[in-house]
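Visitor: sequence? don't have it. structure:
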């Protein structure tokens, strides 16, 4: 498998399963970037992909809510073309991303699956 690295992922925010509004900083400490939040933890990432960039087939042990911020991208688990403003839910399924000719930016919130469901979706090449 050929892996193209023409993308950049920024982790914007991470919360554990017990966020507190009164904490000085409610974010969970970032020790290691990854794509497998613990059960009920959330992670907000911004992904920039260059023109034609793609990810290898993968799944994450999470339910992912995403919006295309700019450009266009193909979600290849059913070959759906998405454009700026489109939203999607990726529910721990095998999938790939392929950016359009101008690249794309995705904003995604990952929510960690229940412990008894985590074995079915086993990480990615990115962890």
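Guide: Received it, and whenever you're ready, just let me know what you need. Note that the coordinates shown come from a computational prediction; the quantities given were computed from them, not determined experimentally.
Visitor: for stretch 71-80, how far is the first residue from the last?
Guide: When the termini of stretch 71-80 are compared using CA to CA, to the nearest Å, they are 14 Å apart.
Visitor: Check which helix or strand the residue nearest the centre of the chain maps to.
Guide: For the chain, the residue nearest the mean C-alpha position is residue 108 (5.2 Å; CA atoms, centre = their mean). When elements are defined using DSSP states H and E, residue 108 is found to belong to strand 97-112.
Visitor: re the thing from before, with adjacent residues omitted, what lies nearest to the residue nearest to the centre of the chain?
Guide: The spatial neighbour of residue 108 that comes closest, neighbours along the chain excluded (CB to CB, 6 or more residues apart in numbering), is residue 66 at 4.1 Å. Every residue, glycine included, has its C-beta placed from N, CA and C.
Visitor: residues in contact with that neighbour?
Guide: Residues in contact with residue 66, defined by CB atoms under 8 Å, 6 or more residues apart in numbering, are 87-90, 106-109.
Visitor: Now flag whichever of these is closest to residue 117.
Guide: Nearest to residue 117 among those, counting by CB to CB, is residue 90 at 14.5 Å.
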